[in-house]
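Asker: Provided below are the primary sequence and the corresponding predicted coordinates.
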Amino acid sequence: MKPSERPEQGELQGSREERMTSSLAVGLVLGWKIFQLLASLLTAVFGSESRPVRAMMRARVPQQRRSSDRNLEPSRATQTHQRTGSFFVSCTFLMSLAAAVGFLFVYWTGGSNLLLGVTLALFFGLLGVALVLYSHWLMPSREAVEPREEMPSPADVRDEFKKDFDKSVDEIHRRKLLKWIGVGAVGMIAAIFVSLIRSLGRPPGPSLFARVWKRGQRLVTLDGKPVSVNTLEPGSFVLVFPEDSIGDERAQTILIRVKPHQLQLPAERADWAPEGHVAYSRVCTHAGCPVGLFETTTCMLLCPCHQSTFDVLRGAGPTAGPAARPLPQLPLYADADGTLRAGGEFTEPPGPGFWEMPKLGAWGTS
Amino acid sequence: MINWFARRISRWLDTRLRLAKFVKHAMDHVFPDHWSFMLGEIALYSFVILVMTGTFLAMFFNSSSAETVYHGSYYPLYGLRMSAAYQSVLHISFDVPAGLLIRQMHHWAALVFLCAIVLHLGRIFFTAAYRRPREINWLVGLTLFIFAIVNGYLGYSLADDLLSGAGIRIAYSILLSVPVIGPWLAFLFLGGTVPTSVTVPRFYSLHVFLVPAVISALLAVHLAIIWRQRHTNYPGPHRTDRTIVGSRLWPSYAAKSMGLFFLLFGFIAMLGGLVQIDPVWIYGPFDPVGIMPGAQPDWYLGWIEGAMRLFPGVNVRIGGYLIPELFFPAVLMPALVFVLLYAYPFLEQLFSFDRGIHNVLRTPSQQPFNTAIGCGVFIFLLVLLFAGSDDVIAVATNTSVVTIRAILRVLVLCLPPITMILVYAACSRVKRRRGVPEVLETGPSLERHEEESQLGAA
């Protein structure tokens, strides 16, 4: 990416701000106009002799649809009640329409997410309120009591069904053949579907046990540079990979340099740490997150996902958190010119545990 | 004009479909009036909003892991290498008009959907609405809940940002941890060791096609069954196991329900416009060796995340084979919770010898044992939910994660039994004081009621 291809940050922001200001100004003016319109509409609607009110008065008085229904509040059918109700409903409905106009305006002028959200929310919210108010003030509120249907079908209906069904089955010849066709078809369809699942992935075996490091491979950083015994200061660390798989998730390894006298590795790993360099798999043994944090003072590796901590000085065994197994360690040696090289394979396959995971030391070739 | 048109249309339809009787029957359908019956409706309407917003997003989303270079209008990521999927999410967020609003509404609607489902489930449980004849709908509802969680997770993973990458890694590790079949499960589902290039296209196909189809089908079954069996009633006057009391669908219930839909739409639009959610541009594109602290799943998976954090690191080996520590909190615990939920109506029938048909609900105080069990499980899951963000709590309270975790480990074991005992005692006391209201098998009150209302009408 050449720098000249990048648009200037200032330009982008400037144009957006300008657009915002102008749309806000137009919005204010339009809002005032809409308010005036609403006010005149409301006076028209609630002037006592206006047509809409008379239409509202003619609205049918709630009547009982079923003899079992009873009116909760019969007094609701009064005219004052309807007038109050239609006032509230009209107010909210008109406001919701105004909000919808606002949304369209903001959308067509390319306004912000915030204004789009607020206007849309006002439109739908007020529309909802209008409907609920309508139902509350201007619709009949009755309580209905009805008998439920009995759950098992009546005995005679069931008997009749059974008789008819049995008779119809009796009329089918060679019923055994039909049964075999059914069993065969269902079985084969199931077998074919289950087989197709196999296309979804390759067998896990080879990739879970695939080798990561070979003896003699150099440890290289993400940009491909080999690491030597002089690269790191004590107390610092770097992310390294085998030369042939840079950037690979499973091969990611963390190389840490500590002071040699601090190390308390098991006896058989004593010569795995040339000049205080230790290397561990960077894939957490708990849930597979990269163990990305290193606490310099306590020499602990910390997984940011579930806060498992691993003791770098003692072979990266888990000291706190939910992990159960240590991070696999990589044996190291320094060659004649001081470049760090792998002395073999990790002690365990890297990554989270699985059913056939070999015991510690049964996999690596140290 | 509208009336004339409506008459013509209904006439036209009735000539061809013979609808009048059916529609009249539907209009007269009785729905009980109680706020807690709206929770299921909210879940239903959230799903409608999810489908609407999701369809809009699907027009722009590119489900490909192919590497591209970003040339969109979000400056900080300009010129960066990323997957086509992540780039299309940035495109929706910054360059599609109203794209960010719809994307955030979609995510918020998913959270509201799951929240409404959980509250609805709680309402059903604490009022014992799962009793005969409603066991089938209890099972269907639980299955819907599982599919809703799965689709939430799949959608969360589609953006292919650093956070969803962590989610995919953890899901892979969880699948891998299942004894015997784990590795095959993980490889068949994700196509190999993570990260794989098939994850995003595969998740996309599941997220927009298979799982929503299953949810729609189950939803249809769920609603058809409740339509057939009709709702339950809270105990009260005229409410017997053989009657239903409430308001008719047309007109006031229909208006209220539509109003609820619009209110919910407004609420989600407000969240989508005002409250930022899943800002993937801050997390950055997925990177196989990258990770961010403070990573958390959406809330409906927080309990599993919390269990994974609290469960101690035990190394279980059986005859040379390993059961990874992840299996117990992330597979076994959720499985047990759901098995208990699925089995609950049948366990209750088994132990209470009550196989009768119940259409009148029990209030929580009338059933101390059920309420105690429900509250205990709820508190257990709530502590786990808090444990799922223990690192955030530790930072906020300026204590170490180790301390917080020790406290939560004690709480997760002690709080549920304490809650159960207290709730049981409290409910028993209320039950003793108030007595159990008698629910009439048949309704002599029905005839009396009819007489009354006829008198009232005259």
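Answerer: That came through, no problem.
Asker: okay, CA-based contacts and neighbour counts for the rest of this
Answerer: Fine.
Asker: those strands in the stretch 101-250 of chain A, which residues are they?
Answerer: Counting by DSSP state E, counting those that start in this stretch, one finds strands in the stretch 101-250 of chain A at the ranges A:142-147, A:219-221, A:236-242.
Asker: Show me what the longest one packs onto, helices and strands only.
Answerer: The criterion is 3 or more CA pairs under 8 Å, 6 or more residues apart in numbering or on different chains; DSSP states H and E, and the helices and strands that strand A:236-242 contacts are strand A:219-221, strand A:253-257.
Asker: longest helix anywhere in chain B?
Answerer: As assigned by DSSP state H, the longest helix anywhere in chain B is helix B:401-434.
Asker: buried sites along it?
Answerer: For helix B:401-434, the buried set under the neighbour-count rule, 16 or more other CA atoms under 10 Å in any protein chain shown, comprises B:401, B:404-405, B:408-409, B:411-412, B:415-417, B:419-421, B:423-424, B:427-428, B:431.
Asker: Kindly report the same for stretch B:51-60.
Answerer: Buried residues in stretch B:51-60 (16+ other CA under 10 Å): B:51, B:53-54, B:56-57.
Asker: do stretch B:195-211 as well
Answerer: B:195, B:198-204, B:206-208, B:211.
Asker: B:Asp33: which of the residues you listed is nearest?
Answerer: Nearest to B:Asp33 among the buried residues of stretch B:195-211 is B:Val211, at 32.2 Å by CA to CA.
Asker: OK, contacts around that closest one?
Answerer: Residues near B:Val211 by CA atoms under 8 Å, 6 or more residues apart in numbering or on different chains: B:147, B:151.
Asker: got the domain boundaries for chain A?
Answerer: A:13-60+A:74-142, A:209-342 (automatic domain parsing).
Asker: lowest-confidence stretch among those domains?
Answerer: Note on those: domain A:13-60+A:74-142 shows the lowest mean pLDDT, a mean of 77.
Asker: where does the residue of the stretch 151-300 of chain A found nearest chain B land on pLDDT?
Answerer: Closest contact between the stretch 151-300 of chain A and chain B, by CA to the nearest CA, is at A:Gly201 (4.2 Å). On the pLDDT scale, A:Gly201 is placed at 87.
Asker: B:Pro312 touches A:Pro322, doesn't it?
Answerer: Yes: at 5.0 Å, B:Pro312 counts as touching A:Pro322 under the criterion of CA atoms under 8 Å.
Asker: Between these two, which has more neighbouring residues?
Answerer: A:Pro322 (24 against 18; other CA atoms under 10 Å in any protein chain shown).
Asker: Surely the more buried one and A:Cys303 touch.
Answerer: No: using CA under 8 Å, A:Pro322 is not in contact with A:Cys303; the gap is 10.3 Å.
Asker: for the stretch 301-450 of chain B, which spans come out with low pLDDT?
Answerer: B:437-450 (pLDDT under 70).
Asker: Give me every residue in it lying close to chain A.
Answerer: B:308-315, B:320-326, B:391, B:401-402, B:446, B:449-450 (CA under 8 Å from any CA of the partner chain).
Asker: isn't B:Tyr78 right next to B:Thr68, touching?
Answerer: No: using CA under 8 Å, B:Tyr78 is not in contact with B:Thr68, being 11.5 Å away.
Asker: Need the residues that contact stretch B:407-415.
Answerer: By CA under 8 Å, 6+ apart, stretch B:407-415 touches B:310, B:376, B:379-380, B:383-384, B:387.
Asker: The helix or strand in which B:Gly167 is found near chain A anywhere?
Answerer: If you go by DSSP states H and E, B:Gly167 is part of helix B:162-176. Yes: contact of helix B:162-176 with chain A (CA under 8 Å from any CA) involves B:166, B:169-170, B:173-174, B:176.
Asker: Likewise for stretch B:31-40?
Answerer: No: among the residues of stretch B:31-40, none lie within reach of chain A under CA under 8 Å from any CA; the closest is 8.9 Å away.
Asker: ok, back up a step: just flag the most distant two among the residues of helix B:162-176 next to chain A.
Answerer: Greatest spacing in the residues of helix B:162-176 next to chain A, by CA to CA: B:Ala166 and B:Leu176 (15.2 Å).
Asker: quick revisit: filter the residues of the stretch 301-450 of chain B next to chain A down to the buried ones.
Answerer: Buried by 16+ other CA under 10 Å: B:308-313, B:321-326, B:391, B:401, B:446, B:449-450, out of these.
Asker: Pull the longest strand seen in chain B out as CSV, backbone CA atoms only.
Answerer: Longest strand in chain B, counting residues (DSSP state E): strand B:243-248. The C-alpha trace of strand B:243-248 is given here as CSV (Å, rounded to 0.1, in the frame of the first residue of the first chain):
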residue,chain,number,x,y,z
THR,B,243,-62.8,-22.8,31.4
ILE,B,244,-60.6,-20.1,29.9
VAL,B,245,-61.0,-16.4,30.9
GLY,B,246,-59.6,-13.5,29.0
SER,B,247,-60.2,-11.1,26.2
ARG,B,248,-61.0,-12.0,22.6
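Asker: neighbouring contacts of that strand?
Answerer: With CA under 8 Å, 6+ apart, strand B:243-248 has contacts from A:141-148, B:27-33, B:230-233, B:238-239, B:253, B:443, B:446.
Asker: and if you look at stretch A:310-323?
Answerer: With CA under 8 Å, 6+ apart as the criterion, stretch A:310-323 contacts A:262-266, A:278, A:280, A:284-286, A:299-302, A:306-309, A:324-329, B:308-314, B:325, B:402.
Asker: Separate out the buried members of the residues you listed.
Answerer: A:263, A:265, A:278, A:280, A:284-286, A:299-302, A:306-309, A:324-329, B:308-313, B:325.
Asker: Now, these that are in helices?
Answerer: B:308-310.
Asker: and which of those residues is nearest to chain A?
Answerer: Checking these against chain A by CA to the nearest CA gives B:Arg309 as the nearest, at 5.6 Å.
Asker: Surely that closest one touches A:Pro304?
Answerer: No: between B:Arg309 and A:Pro304 there is no contact under CA under 8 Å: 11.4 Å.
Asker: Now stretch A:90-101 - C-alpha only, CSV.
Answerer: Extracted C-alpha coordinates of stretch A:90-101, given in CSV (Å, rounded to 0.1, in the frame of the first residue of the first chain):
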residue,chain,number,x,y,z
SER,A,90,-54.2,11.3,17.8
CYS,A,91,-51.3,13.1,19.7
THR,A,92,-49.1,10.1,19.8
PHE,A,93,-50.0,9.0,16.3
LEU,A,94,-49.2,12.4,14.8
MET,A,95,-45.9,12.6,16.8
SER,A,96,-45.0,9.1,15.4
LEU,A,97,-45.7,10.3,11.9
ALA,A,98,-43.5,13.3,12.5
ALA,A,99,-40.7,11.0,13.7
ALA,A,100,-41.1,8.9,10.6
VAL,A,101,-40.7,12.1,8.5
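Asker: That one near chain B anywhere?
Answerer: No: Stretch A:90-101 lies out of reach of chain B by CA under 8 Å from any CA, never closer than 10.6 Å.
Asker: on that earlier part again, looking at the helices and strands packed on strand A:236-242, which is nearest to B:Tyr344?
Answerer: strand A:253-257 (48.3 Å).
Asker: tell me which parts of the stretch 51-200 of chain B are close to chain A?
Answerer: For the stretch 51-200 of chain B, the residues in contact with chain A (CA under 8 Å from any CA) are B:75, B:78-79, B:97-98, B:100-101, B:133, B:166, B:169-170, B:173-174, B:176-180, B:182-184, B:187-195.
Asker: Next step: these restricted to strands.
Answerer: Among those, no member falls in strands (DSSP E).
Asker: Out of the residues you listed, which end up buried?
Answerer: By 16+ other CA under 10 Å, these give B:78-79, B:97-98, B:100-101, B:133, B:166, B:169-170, B:173-174, B:176-179, B:182-184, B:187-195 as buried.
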